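Asks: need a 3D model of the sequence below.
(4 chains)
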2 protein chains.
Amino acid sequence: MGAWGDGTVTDGAVTILARGEGLAAWRQIADGLSADIEAGRLAAGSQLPTEAALAARYGVNRHTVRRALAALAERGLVRATQGRGTFVETPRLAYPIGRRTRFSEIVSRAGREAWGDLIGTETVPADPATAEALGIAPGDPMLELQTVHRADGTPLSTARTCLPLPRFAGLDQAYAALGSLTGAYAEYGVADYTRLSTRIGARPASADEGARLDLAPGRVLIVITSVNVDAAGVPIQATRSLFAADRVELVVEG
Amino acid sequence: MGAWGDGTVTDGAVTILARGEGLAAWRQIADGLSADIEAGRLAAGSQLPTEAALAARYGVNRHTVRRALAALAERGLVRATQGRGTFVETPRLAYPIGRRTRFSEIVSRAGREAWGDLIGTETVPADPATAEALGIAPGDPMLELQTVHRADGTPLSTARTCLPLPRFAGLDQAYAALGSLTGAYAEYGVADYTRLSTRIGARPASADEGARLDLAPGRVLIVITSVNVDAAGVPIQATRSLFAADRVELVVEG
DNA sequence: ATCAATTTGTACGTATGTATC
DNA sequence: AGATACATACGTACAAATTGA
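Replies: Numbering: from 1, shown residues only, chains lettered A, B, ... in the order given. As a prediction, this is how the structure comes out:
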């Protein structure tokens, strides 16, 4: 299907590029499309015109369009799928990490509705690594909470949180009732807590991690291992959070 | 090949587990192996005994050993490959990110030899996003450096660093000569610089990113986008670093 | 290039102790 | 007390990947 001779027409006017002035055509196309995406003229999730259509619109070869799209894909703005087309990626939620990260605050500040699901509770003996983080003896009982955190329904992260017992015995019920860990802590006399250490890694999701986050297995997870302490500096939780890297971007607070 | 009747023997004494005392056998095995790994009795990169051998050593069924190994794999301590065996993962280099991250300092503090390769330089017009980060006009020229950073020969990260021109014209040569960006900046009168903003994401590596980092394509990268400013608060570089997630763990400085 | 041995991955089935309703 | 569900543990068999002869 060409632009001439077979009755089809291009879906817009030809966009004029500055040729032969030192600015590569693919850069101009990439800049134009990225501006369209950032301004919302190309909505998140929507399909871009086909490479052929873009080539026609800009009056360039399809290879030139492909070079531009590759640059956008590298920046994570679009994703191309063979046989389907090229789509605008939904912007990742900026998730600040620092001394006082509170999931609900972050999400609602982004204008989305926060929701934390408690999907499991267990009392388990502490393995040596977690025991050291919590400052308890290996084998001591601890409360393990499995949670999933959503913004506007889509899961962003799932976490395994370990709390020392007997101090926080029954906190799982308070959490289930309030839907917020910060609130549950308040009932146990912990008015404030801060992050002591944070480690960040990344790896592919296993099958059931993927299922929990509504993510295909093999998609990338960001793994955050952190320890929180109360106002007196006593460890109150060791957490391993798994974020869907497709949907979240971490921002280090300066 | 059993332990009796055919002349073969097990490769060590049977390790006694506390049975029927509330601590699952697989947890005891996992804790034991993880202690061996952390104490260095099982060296990084070395192969664990086969599942069958471990089952014999602990006097349990192979499934029980598999449950223990799965727990270790989830913590990233070991990696199993079908047909080859299960291997102790090399510990990831702890990479602090904060206001003053210096690659060479971090690596040499870890007792490894740091090396930065400048693999390409180019003068390019600024795309709108980078231009805004650097506080220059879109289309203004900037210096783009492509680098690979190694510790003891293994590549940890590759970066694209953009610097505003004309301020840093020729800095690429200083960098190539010194092998250190900090040193090169010093020659341009920048005695100190700090990080203004840091964003962290993760995604699979493309084919040529993989080639640069000596990593199979599809393996996970940690993507750090950051802007550095000089003592006066003027942006001096916008960087996108790609870290091999297999080899590095980020530590947020508290 | 083929084959066999080794090793992990997966899938059945069975039994038992321990919570929970 | 009884029924049910679940985690733990063992047994066996075969599939799939890797390695080396």
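Asks: mind listing the strands for chain A?
Replies: Along chain A, counting by DSSP state E, strands occupy A:78-81, A:85-88, A:93-97, A:114-125, A:141-151, A:154-164, A:193-204, A:220-230, A:235-244, A:248-252.
Asks: winner for burial among these?
Replies: strand A:235-244 (a mean of 23; mean count of other Cβ atoms under 10 Å in any protein chain shown). Every residue, glycine included, has its C-beta placed from N, CA and C.
Asks: so which elements touch that one?
Replies: Counting contacts by 3 or more Cβ pairs under 8 Å, 6 or more residues apart in numbering or on different chains; DSSP states H and E, strand A:235-244 is packed against helix A:128-134, strand A:154-164, strand A:193-204, helix A:207-213, strand A:220-230.
Asks: tilt between it and strand A:248-252?
Replies: Put simply, strand A:235-244 runs at 130 degrees to strand A:248-252, going by axes from the mean of the first three to the mean of the last three Cα atoms, to 10 degrees.
Asks: please state the offset of strand A:235-244 from the chain centre?
Replies: How far strand A:235-244 lies from its chain's middle: 15 Å, per Cα atoms, centre = their mean, to the nearest Å.
Asks: likewise for stretch A:151-165?
Replies: 13 Å.
Asks: so what are the domain limits for chain A?
Replies: A:22-88, A:93-251 (the TED database).
Asks: out of these, which gets nearest to DNA strand D?
Replies: Minimum separation from DNA strand D across the domains of chain A (Cβ to the nearest atom of the strand) falls at domain A:93-251, 8.1 Å.
Asks: state the mean pLDDT of that closest one.
Replies: For domain A:93-251, mean pLDDT rounds to 86.
Asks: in TSV: the domains of chain A, plus distance to B:Q28.
Replies: Output for these, formatted as TSV (distance: least, Cβ to Cβ, whole Å):
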stretch	distance to B:Q28
domain A:22-88	44
domain A:93-251	10
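Asks: relative to B:S104, which of these is closest?
Replies: Proximity to B:S104 (Cβ to Cβ) singles out domain A:93-251 among the domains of chain A, at 21.1 Å.
Asks: picking up where we left off before, export the helices and strands packed on strand A:235-244 to a markdown table and tack on distance to DNA strand D?
Replies: Putting the helices and strands packed on strand A:235-244 into a markdown table (distance: least, Cβ to the nearest atom of the strand, whole Å) gives the following:
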| stretch | distance to DNA strand D |
| --- | --- |
| helix A:128-134 | 16 |
| strand A:154-164 | 14 |
| strand A:193-204 | 16 |
| helix A:207-213 | 12 |
| strand A:220-230 | 21 |
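Asks: now these as CSV including distance to B:R102?
Replies: Shown next, in CSV, are the helices and strands packed on strand A:235-244 (distance: least, Cβ to Cβ, whole Å):
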stretch, distance to B:R102
helix A:128-134, 28
strand A:154-164, 31
strand A:193-204, 18
helix A:207-213, 35
strand A:220-230, 23
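Asks: wait, which of those is closest to B:R57?
Replies: Using Cβ to Cβ, the nearest of these to B:R57 is helix A:128-134, at 19.8 Å.
Asks: still on that earlier bit, to chain B, which of the helices and strands packed on strand A:235-244 lies closest?
Replies: strand A:193-204 (3.7 Å; Cβ to the nearest Cβ).
Asks: the closest one vs strand B:235-244, what angle?
Replies: Going by the same axes, to 10 degrees, strand A:193-204 makes 60 degrees with strand B:235-244.
Asks: so how far is B:S180 from the residue in the stretch 51-200 of chain A that DNA strand C sits nearest to?
Replies: The nearest approach of the stretch 51-200 of chain A to DNA strand C comes at A:T123, 8.8 Å away (Cβ to the nearest atom of the strand). Remark: distance between A:T123 and B:S180 (Cβ to Cβ, to the nearest Å) = 52 Å.
Asks: ditto for A:D246
Replies: Remark: distance between A:D246 and B:S180 (Cβ to Cβ) = 35 Å.
Asks: contacting residues for the nearest residue to A:A216 once chain neighbours are set aside?
Replies: Nearest non-adjacent residue to A:A216, counting by Cβ to Cβ, 6 or more residues apart in numbering or on different chains: A:G210, 5.9 Å away. Neighbour list for A:G210: A:216-219 [criterion: Cβ atoms under 8 Å, 6 or more residues apart in numbering or on different chains].
Asks: go on, A:L93?
Replies: A:L93 neighbours (Cβ under 8 Å, 6+ apart): A:106-107, A:110, A:112, A:151, A:156, A:247-249.
Asks: A:A30: which of these is nearest?
Replies: Closest approach to A:A30 among the contacts of A:L93 (Cβ to Cβ): A:E249, at 20.4 Å.
Asks: what bridges to the closest one?
Replies: A:A94 (DSSP bridges).
Asks: from memory it sits against B:T198, does it?
Replies: No: counting by Cβ atoms under 8 Å, A:E249 does not reach B:T198; the two are 10.5 Å apart.
Asks: what sits closest to the residue in the stretch 151-254 of chain A positioned nearest to DNA strand C if chain neighbours are left out?
Replies: Per Cβ to the nearest atom of the strand, A:A207 is where the stretch 151-254 of chain A lies closest to DNA strand C, at 8.0 Å. Distances taken as Cβ to Cβ, 6+ apart place A:P217 nearest to A:A207, at 4.5 Å, with adjacent residues excluded.
Asks: contacts only, for the residue nearest to A:T147 when sequence neighbours are not counted.
Replies: With Cβ to Cβ, 6+ apart as the criterion, A:T147 has its nearest non-adjacent residue at 5.0 Å, and that residue is A:A159. Residues in contact with A:A159 (Cβ under 8 Å, 6+ apart) are A:145-147, A:149, A:239-242.
Asks: can I get the residues you listed in a markdown table with distance to A:Q28?
Replies: Formatted as a markdown table, the contacts of A:A159 follow (distance: Cβ to Cβ, whole Å):
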| residue | distance to A:Q28 |
| --- | --- |
| A:L145 | 51 |
| A:Q146 | 49 |
| A:T147 | 46 |
| A:H149 | 41 |
| A:T239 | 46 |
| A:R240 | 45 |
| A:S241 | 41 |
| A:L242 | 40 |
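Asks: which of the residues you listed sits closest to B:L171?
Replies: Nearest to B:L171 among the contacts of A:A159, counting by Cβ to Cβ, is A:S241 at 39.1 Å.
Asks: isn't the closest one right up against A:L221?
Replies: No: if you go by Cβ under 8 Å, A:S241 and A:L221 don't touch, sitting 9.4 Å apart.
Asks: between those two, what contacts are shared?
Replies: Jointly contacting A:S241 and A:L221 under the rule Cβ under 8 Å, 6+ apart is no residue at all.
Asks: ok, A:V60 touching A:T15?
Replies: No: contact criterion Cβ under 8 Å: A:V60 and A:T15 do not qualify, at 9.9 Å.
Asks: just to revisit the earlier point, ok, so what distance separates the residue of the stretch 51-200 of chain A closest to DNA strand C from A:A169?
Replies: 9 Å.
Asks: overlap of the contact sets of these two?
Replies: Common neighbours of A:T123 and A:A169, using Cβ under 8 Å, 6+ apart, are A:L143.
Asks: A:E187 - nearest residue in space that isn't next to it in sequence?
Replies: Nearest to A:E187 is A:A174, by Cβ to Cβ, 6+ apart, at 4.9 Å.
Asks: for that neighbour, give me its contacts.
Replies: If you count contacts by Cβ under 8 Å, 6+ apart, A:A174 has them with A:183-184, A:187-188.
Asks: how about the residues of the stretch 1-150 of chain A that lie near DNA strand C?
Replies: Nowhere does the stretch 1-150 of chain A come near DNA strand C, counting by Cβ under 7 Å from any atom of the strand.
Asks: so A:T101 touches A:Y193, yeah?
Replies: No: here A:T101 does not reach A:Y193: they are 10.4 Å apart, not a contact under Cβ under 8 Å.
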